[in-house]
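Colleague: turn this into a structure:
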Amino acid sequence: MIAIGCCNLIRDPLRASIAVLGIVFSVVLVTLEIGMLLGLVRDASLLIDKSNADIWVSVRDVKTFDFVTPMDQRKKFQIQAVPGVALVEEYNVSWSVWRMPDGGNANCIVIGFDPNGQLGAPLNMAQGDVAALHNQDAIILDEGERKKLGNPNLGDYVEVLTTRAKVVGFTKGMRSFTTTPFLFTTLRRGKEYGWLAGGIGSSSERSVYFLVKVAPGADVDAVRARIEAAIPFVEAHTKEGFSWRTRKYWLLETGVGLGFLVAAFLGLVVGGVIVSQTLYAMTLEKLPEFGVLKAMGATMLELARIVLAQGLLCGAAGLLAGLVLSEALGALATSAGNAVLIPLPLIAAVSVLTFFLASGSSLLSIHRLRRIEPGMVFRT
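Modeller: So this is what the prediction gives:
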């Protein structure tokens, strides 16, 4: 019966091609939409996940890594006094403005950290060296963000928040969920380049995050609870908990995740309709042949296997072509600066969905075969 289904597809290459293209459309759309979502989710908590801190301390009710209110820098010393705390480092995140070569402005996020520290996310350097941040007015940015910032080169002087800065290095793959470029610099310069330089009090009195490493053998949750109990108006997060909070904010509270999932679902629906209608047309065209098989004693199950084989063959061809095309388009998008992650679990999930899509698309044709009368082949 599988051989008959294969022959039917070979004898009707136009409809077979349309069915395969319907599967390819669904596979590519679902894979790229989910792959882009995974890339964005990874970027949303990238600096949290790559950090070596056990606990992130911030003001209360912070929803995401990017948007947070600064606090009194002296809280660092209070945190150091909490039992179970081995090391505390300041880590600042502030929005700023980059002056473009043509006189325009571009938003950016200044990340101020201690280049000699142990807890901040290590920079994945493509050019230059982190040690160069010790030079005067030095900053590092991601190579994928250069176009947004006027294509600065290594050694160029630029202007950030009316202050001169020198580009001393480029990272690779260290970008934000908001697509606003990260600028990495030292703690002191971070306060000069970002909005931490303004507001009430001097720039040296305000900090955004404190990264905490617990002592060997200490319980992370217990230390986190002690920090919150000892210091008013702060919230201590485990690294995993803060990472999830940031991802949840962008995925659920902003509706971004729902938008990607709806687009992927629509791709499945459109592909399913195309394949279903194509297989149905092929079945109607060959009703006399199916009638002959039924008159010869073929059971309904055997006839259904023919149609199902057609659907699964189209599904297999469309899945293979779709995954190859998705990988190519994903690599192209990633090189252009839009990270697309296509891990093995996603490929497995898309394969399962394609199986159900191809099988489900055959149901309408199988239902039509139930109404075939064996005697139809003897009618003129």
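
Colleague: from here on, just use CA atoms for contacts and neighbour counts.
Modeller: Fine.

Colleague: list the buried ones in stretch 167-186?
Modeller: Using 16 or more other Cα atoms under 10 Å as the test for burial, stretch 167-186 gives 167-171, 173-177, 179, 181-186.

Colleague: my bad, stretch 73-86
Modeller: Counting neighbours by 16+ other Cα under 10 Å, stretch 73-86 gives 73, 75, 76, 79, 80, 82, 84, 85 as buried.

Colleague: which other helices and strands does the strand or helix carrying residue 167 contact?
Modeller: For residue 167, the host element (DSSP states H and E) is strand 163-171. Judged by 3 or more Cα pairs under 8 Å, 6 or more residues apart in numbering; DSSP states H and E, strand 163-171 is in contact with strand 125-128, strand 138-142, strand 157-160.

Colleague: which of these sits most buried?
Modeller: strand 138-142 (a mean of 26; mean count of other Cα atoms under 10 Å).

Colleague: what packs against it?
Modeller: Using 3+ Cα pairs under 8 Å, 6+ apart, strand 138-142 is in contact with strand 163-171, strand 182-186.

Colleague: could I have the CA atoms of stretch 54-67 written out in PDB?
Modeller: Extracted in PDB, the C-alpha atoms of stretch 54-67 (Å, rounded to 0.1, in the frame of the first residue of the first chain):
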ATOM      1  CA  ASP A  54      25.000  33.200  43.400                       C
ATOM      2  CA  ILE A  55      22.800  36.100  44.400                       C
ATOM      3  CA  TRP A  56      21.700  39.400  42.700                       C
ATOM      4  CA  VAL A  57      20.700  42.200  45.100                       C
ATOM      5  CA  SER A  58      18.500  45.000  43.800                       C
ATOM      6  CA  VAL A  59      15.700  47.300  44.900                       C
ATOM      7  CA  ARG A  60      12.400  45.700  45.600                       C
ATOM      8  CA  ASP A  61      10.000  44.600  42.900                       C
ATOM      9  CA  VAL A  62      12.400  44.900  40.000                       C
ATOM     10  CA  LYS A  63      10.800  43.100  37.000                       C
ATOM     11  CA  THR A  64      13.700  42.800  34.500                       C
ATOM     12  CA  PHE A  65      17.500  43.200  34.300                       C
ATOM     13  CA  ASP A  66      17.200  46.300  32.100                       C
ATOM     14  CA  PHE A  67      14.900  48.400  34.100                       C
END
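
Colleague: and for that stretch, what's in contact with it?
Modeller: 44-45, 68-71, 93-94, 208-214, 220, 224, 233-239, 242, 245-247, 249 (Cα atoms under 8 Å, 6 or more residues apart in numbering).

Colleague: and the buried residues of stretch 73-86, which of them are in strands?
Modeller: Here DSSP state E is the test, and the buried residues of stretch 73-86 give residue 85 as lying in strands.

Colleague: how far away is the nearest residue to residue 46 once chain neighbours are set aside from residue 43?
Modeller: The shortest distance from residue 46 to any non-neighbouring residue, by Cα to Cα, 6 or more residues apart in numbering, is to residue 174 (7.4 Å). To residue 43, residue 174 is 7 Å away according to Cα to Cα, to the nearest Å.
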